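Undergrad: Can you look at this prediction? I've put the sequence above it.
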Amino acid sequence: MSQPLPLAELTRFASDCLQQTGVAFATADEVALALATTDAMGVFTHGTKLLAGYIKKLQGGGYVATAEPRIEREGPGWAVVDGQSALGQVGSLAAIRLAIKKAQQVGIAYVGLRNTGHIGAAGYYAALAAREGLIAMITGNDIPSVAAPGSRTAVLGSNPLAYAIPVADGDPILLDIATAAVAGGKVYAAIQRGEPIPNTWLIGPDGQPTTDGSLYPQHAALAPMAGHKGYGFGLWCEILSAILPGGNMTWQVGSWIFDEPSRPSWHNASFTVIDIAAISPPGEFQQRLGRLIDELHSAPTAGGVSRVLLPGEREWDNYHHAKANGINLPADVREKLCQAAEMTGVSLDDLEVTPSGTSL
């Protein structure tokens, strides 16, 4: 069994790997922190497990290690940014920072990001804005992998939707969801771990639910979250992320996992930020929000449940525990870190990371 890995060490390893592919030191550190923080929050499908795939795209040229996102057009409260096929974290960090700056100037801002890499955990960027005292909503799009109610094939990506709200003297309220019944990464992880697939996750080639995970993604699609509701939210993400800023939509988006490494993935995202102070006195807002939080926390609970949780509370608890005690990485993540080490020549010795099935 592997030992808990310090967050700083995991971040350093990911940064070193990215630097070996030509990513600048400061940029590599920011991308690595986004990935490692996501692991610390317990969202292992969108953390450093992605690193080996990103390195493959960087080494193949599909993602450009030295690219810098560029503002194509803008106004006081909006902008469209071309990600220049940089890593999705690079484009997303540039976009959320621009959205924060504009929202602080005019009250609310929208920034569309097109032609970027896979963005990872959308909630990471929303939380950055919330730490600055702003409300944020992030959406993204992807190559279709999710069926619509009644369809036999995928029509939309498992498009992410995230929001974050600042909480005085506490962690932000944070929701980060796929608009599919489950993120595709969780299907892959379950297959790799030999775990069964629930019948609510996948739609087979006949348009009916299936528990055969081996059919995904070639012959099965993810089910939409909550049926027509998830389909509607997925469409909303597609419009904000791709249609509005003029980015690639649906099947025009590439697969960052399965395409040739030399091919960009043309992902897109949107970043909408609201400056609370422009609309409501911050003290009054926090007082009202505090009353709502107390009301939710004090709601009667079912047996065995201590209290109703806010979105993100479990993940923030994971994060604080990981900062203090290290991260217990699942076997499939450790395997991907070994791949990243082999691809870049960065040593794993200090990380105590081994492939699954190998005891330390």
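TA: Sure thing, it's come through.
Undergrad: make it CA atoms for all contacts and neighbour counts henceforth
TA: Noted.
Undergrad: Tell me where the stretch 151-300 of the chain has helices.
TA: With DSSP state H, counting those that start in this stretch, the ranges of helices along the stretch 151-300 of the chain come out as 184-193, 228-238, 276-279, 282-297.
Undergrad: Which other helices and strands does the helix or strand of the chain with the lowest mean pLDDT contact?
TA: Here the helix or strand of the chain ranked lowest by mean pLDDT, DSSP states H and E is helix 184-193, holding a mean of 82. With contacts taken as 3 or more CA pairs under 8 Å, 6 or more residues apart in numbering; DSSP states H and E, helix 184-193 sits against helix 331-344.
Undergrad: Which elements pack onto the helix it packs on?
TA: helix 7-20, helix 51-60, helix 184-193.
Undergrad: Now do it and helix 7-20, the angle between them.
TA: 40 degrees (axes from the mean of the first three to the mean of the last three CA atoms, to 10 degrees).
Undergrad: hey, C-alpha coordinates of helix 331-344 in PDB?
TA: Extracted C-alpha coordinates of helix 331-344, given in PDB (Å, rounded to 0.1, in the frame of the first residue of the first chain):
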ATOM      1  CA  ALA A 331      -3.700   2.700  -8.100                       C
ATOM      2  CA  ASP A 332      -4.800   3.900 -11.500                       C
ATOM      3  CA  VAL A 333      -3.500   7.400 -10.700                       C
ATOM      4  CA  ARG A 334      -0.100   5.900  -9.600                       C
ATOM      5  CA  GLU A 335       0.100   4.000 -12.800                       C
ATOM      6  CA  LYS A 336      -0.400   7.200 -14.800                       C
ATOM      7  CA  LEU A 337       2.300   8.900 -12.800                       C
ATOM      8  CA  CYS A 338       4.700   6.100 -13.700                       C
ATOM      9  CA  GLN A 339       3.800   6.600 -17.300                       C
ATOM     10  CA  ALA A 340       4.500  10.400 -17.000                       C
ATOM     11  CA  ALA A 341       7.900   9.600 -15.400                       C
ATOM     12  CA  GLU A 342       8.800   7.200 -18.200                       C
ATOM     13  CA  MET A 343       7.800   9.700 -20.800                       C
ATOM     14  CA  THR A 344       9.800  12.600 -19.300                       C
END
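Undergrad: Only the buried residues of the least confident helix or strand of the chain, if you could.
TA: The neighbour-count check on helix 184-193 (16 or more other CA atoms under 10 Å) flags 184, 186-189, 191 as buried.
Undergrad: One more: stretch 200-220?
TA: 200-205, 207, 209-210, 212-213, 216-217, 220.
Undergrad: check contacts around the most centrally placed residue in the chain.
TA: Nearest to the mean C-alpha position of the chain, by CA atoms, centre = their mean, lies A121 at 1.4 Å. If a contact means CA atoms under 8 Å, 6 or more residues apart in numbering, then A121 has 38, 46-47, 176 as its contacts.
Undergrad: out of those residues, what pair is the most spread apart?
TA: G47 and D176 (13.6 Å; CA to CA).
Undergrad: quick one: the strands in the stretch 51-200 of the chain?
TA: 70-75, 78-82, 108-116, 134-141, 146-147, 154-156, 160-165, 173-178 (DSSP state E, counting those that start in this stretch).
Undergrad: how about TSV for the ones you listed, with mean neighbour count added?
TA: Shown next, in TSV, are these (neighbours: other CA atoms under 10 Å):
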stretch	mean neighbour count
strand 70-75	13
strand 78-82	22
strand 108-116	29
strand 134-141	29
strand 146-147	31
strand 154-156	23
strand 160-165	25
strand 173-178	21
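Undergrad: Need the buried ones from the contacts of A121 selected in ChimeraX.
TA: Listed next is the ChimeraX selection for buried residues among those, using 16+ other CA under 10 Å:
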select :38,46,47,176
